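Chemist: give the three-dimensional model of this entry:
(chains A and B)
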Amino acid sequence: MRRSRAFIPTTKEAPSDAQLASHIFLSRAGFISQVAAGLYSYMPLAKKVIRKIENIIHDEMANVGAEEVELSFVAPSDLWIESGRIDKFGKELLRFYDRKEKLFVLGPTHEEMMVDLVRNRVTSYKNLPLNLYQIKTKFRDEVRPRYGLMRGREFIMKDGYSFHASQEDLDREFEVLEAAYKRIITRLGLDFRVVEADSGAIGGSGSKELMVIADSGEDTIAVCDKCEYGANVEVFLNMDELGEDFDANSITDIKEIKGDDKCPDCDGKLSLTKGIEVGHIFKLGTTYSEALKANYLDENGKSQPFIMGTYGMGVSRLVAAVIEQHHDEFGCIWTKATAPYAINIMVSNIKDEAQNTLGEELYLKLLGENVEVMLDDRKERFGFKMKDAELIGFPYTVIIGKELLNGTVEIYERKTRQKTTVVTGDIFKRVMELV
RNA sequence: CGGGGUGUAGCUCAGUAUGGUUAGAGUACCUGGUUUGGGACCAGGGGGCCGAAGGUUCGAGUCCUUUCACCCCGACCA
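Modeler: Presented below is the predicted three-dimensional model:
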């Protein structure tokens, strides 16, 4: 893409109400635009990042044999009445009537829809297990949306559901999905923990959350310094028993309650950190299959409700989480897997024919190799383009500038902000090594 | 849903206590010129129903009433 033709409206100033780094930088760098409370439009850069995350998810889902479907966003309220959740969800569930005065809802999560899709179609234990997922816009009319993409009302979520004939098989699938989820977050380049969590209002038992470690996270988690143990602090301390007023904010609080700060799984020590919940997997059991009368016949010809698992991952929230974990005072620092463009080529002075020619040449050559490359061919000054590149957060920028007179260009690494001099003849090769 | 705050140019904000030229600045944008290694400079220019509706007044961005939107704290949050 040529920067001179791209729709990337960057600004010096952040929206006055933005608090979080991800909100500020995604707005300033021209990724997102707020439309109303909790509603955002995605601009080209954001769409590219979202697509990258989605592709990794699709890839890992294919690896574990989950199949993609797409359920309609608008759902008949009947299903929600049938499951009993129409009241449970309350006003968070947006409802409306169509022209025939029939009540519909906008899907906030799709257990009902998925169970409805499968019931009476899969009717034998021989066809189990089954794992279906989708990546889809969800809508929850949150009381108080905030923090940009972190807690919007409309958001993109990957939601998957598995159907089993036995608890053992669900347990097996749960572990497979947990491993897949870990691979996804690892591939995205994020530091995270899997923690034990509360099952919440959706029901069921056996629940784990994927927490991306970030100071701005809304959840407090206890993590071990030696092993992989981690728990949402509310679950760890069994907050229900402690009462509503209690709030654990330091490891001292944990020591007070538990007597020590030892890991329950090994001899390591626990510490508290903040996390952003980007994934939540849990064993639903038969909650929904019973409510919606979704049964299969077992080997004895006896009717049984499906034993289910559910696996959610917040795609749009992940976009924000990447930036919460990877930014500095100058802007976004995308990881290799999430960067909207792998390489930015900056021609310092486009009036300089030699610079311009080399920029064009390198750009076309990289395009020929299917490298996702941006060519900053705007008639702007060096400083302006650098600030812009830092704000957007391209992992690498090739600077073609005045050093070209010595036959060299530079590679600027966003993460370290270091520049490396490279002789012109080697630049293509060097770039190909980086992407 | 309780408590608080803010709505003026695309964006960030002055101006409102005490009503009174043609409503301002910075930035962004357009033209021309100078610049070209860290958001540069000079000159000229376009852009506003002062959130909306009603009212008070000779006169309202400013005062009064109603309403809408957005944000913050809390409660809530698969």
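
Chemist: show me where pLDDT drops low in chain A?
Modeler: Applying pLDDT under 70 to chain A flags residues A:199-205, A:237-259.

Chemist: one more time with 80, if that's ok
Modeler: A:198-205, A:233-261 (pLDDT under 80).

Chemist: counting residues, which strand of it comes out longest?
Modeler: For chain A, the strand that runs over the most residues, judged by DSSP state E, is strand A:270-285.

Chemist: direction included, what does that one pair against?
Modeler: Looking at strand A:270-285 with DSSP bridges, its partner strands are strand A:205-213 (antiparallel), strand A:219-224 (antiparallel), strand A:307-314 (antiparallel).

Chemist: the second one and RNA strand B in contact?
Modeler: This means strand A:219-224. No: applying C-beta under 7 Å from any atom of the strand, one finds strand A:219-224 separated from RNA strand B by no less than 8.2 Å. Just so you know, the C-beta spots here come from the backbone N, C-alpha and C atoms, and that holds for glycine as well.

Chemist: how far does that strand sit from its chain's centre?
Modeler: 19 Å (C-alpha atoms, centre = their mean, to the nearest Å).

Chemist: buried set for it?
Modeler: A:Asp219, A:Thr220, A:Ile221, A:Ala222, A:Val223, A:Cys224 (16 or more other C-beta atoms under 10 Å).

Chemist: in CSV: these, plus distance to A:Val64.
Modeler: As requested, the buried residues of strand A:219-224 are exported to CSV (distance: C-beta to C-beta, whole Å):
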residue, distance to A:Val64
A:Asp219, 26
A:Thr220, 31
A:Ile221, 26
A:Ala222, 29
A:Val223, 26
A:Cys224, 27
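
Chemist: quick one: the helices in chain A, in order.
Modeler: A:21-28, A:44-63, A:77-83, A:85-88, A:111-118, A:167-187, A:233-236, A:239-242, A:251-258, A:287-291, A:315-325, A:353-368, A:382-392, A:427-434 (DSSP state H).

Chemist: most packed of those?
Modeler: Stretch with highest mean neighbour count among the helices of chain A: helix A:315-325 (a mean of 26; mean count of other C-beta atoms under 10 Å).

Chemist: could you export it as PDB, CA atoms only?
Modeler: Taking C-alpha atoms only, helix A:315-325 is exported to PDB below (Å, rounded to 0.1, in the frame of the first residue of the first chain):
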ATOM      1  CA  VAL A 315     -11.100 -10.900  19.000                       C
ATOM      2  CA  SER A 316     -11.600  -7.200  19.100                       C
ATOM      3  CA  ARG A 317     -10.500  -7.200  22.800                       C
ATOM      4  CA  LEU A 318      -7.400  -8.900  21.700                       C
ATOM      5  CA  VAL A 319      -6.600  -6.000  19.400                       C
ATOM      6  CA  ALA A 320      -6.700  -3.700  22.400                       C
ATOM      7  CA  ALA A 321      -4.800  -6.200  24.600                       C
ATOM      8  CA  VAL A 322      -1.900  -6.300  22.200                       C
ATOM      9  CA  ILE A 323      -1.400  -2.600  22.600                       C
ATOM     10  CA  GLU A 324      -2.000  -2.600  26.300                       C
ATOM     11  CA  GLN A 325       0.900  -5.000  26.600                       C
END
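
Chemist: same for it, what does it pack against?
Modeler: helix A:21-28, helix A:44-63, strand A:154-164, strand A:205-213, strand A:270-285 (3 or more C-beta pairs under 8 Å, 6 or more residues apart in numbering; DSSP states H and E).

Chemist: I'd like these as a markdown table, with distance to RNA strand B appended.
Modeler: Output for those, formatted as a markdown table (distance: least, C-beta to the nearest atom of the strand, whole Å):
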| stretch | distance to RNA strand B |
| --- | --- |
| helix A:21-28 | 7 |
| helix A:44-63 | 14 |
| strand A:154-164 | 5 |
| strand A:205-213 | 8 |
| strand A:270-285 | 5 |
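
Chemist: save the ones you listed as JSON lines, and put in distance to A:Lys365 too.
Modeler: What follows is the helices and strands packed on helix A:315-325, written out as JSON lines (distance: least, C-beta to C-beta, whole Å):
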{"stretch": "helix A:21-28", "distance to A:Lys365": "31"}
{"stretch": "helix A:44-63", "distance to A:Lys365": "21"}
{"stretch": "strand A:154-164", "distance to A:Lys365": "35"}
{"stretch": "strand A:205-213", "distance to A:Lys365": "36"}
{"stretch": "strand A:270-285", "distance to A:Lys365": "37"}
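
Chemist: RNA strand B contacts on the stretch 251-400 of chain A?
Modeler: So the stretch 251-400 of chain A meets RNA strand B at A:280, A:312, A:314, A:330, A:348-349, A:351-352, A:379-384, A:386-388, A:390-391, A:399 (C-beta under 7 Å from any atom of the strand).

Chemist: wait, A:Arg3 sits on A:Asp377?
Modeler: Yes: here A:Arg3 lies in contact with A:Asp377, judged by C-beta atoms under 8 Å, at a distance of 6.0 Å.

Chemist: the residue of the stretch 251-400 of chain A found nearest RNA strand B and A:Asp265: what is the separation?
Modeler: In the stretch 251-400 of chain A, the residue that lies nearest RNA strand B is A:Gly383 (2.1 Å; C-beta to the nearest atom of the strand). Distance of A:Gly383 to A:Asp265, given as C-beta to C-beta, to the nearest Å: 52 Å.

Chemist: before we move on, what about A:Glu112?
Modeler: Distance from A:Glu112 to A:Asp265, by C-beta to C-beta: 36 Å.

Chemist: also A:Ala36?
Modeler: 45 Å.

Chemist: same question for A:Ala37.
Modeler: Counting by C-beta to C-beta - A:Ala37 and A:Asp265 are separated by 42 Å.

Chemist: now swap in A:Pro129 and tell me
Modeler: In this view, A:Pro129 and A:Asp265 are 29 Å apart by C-beta to C-beta.
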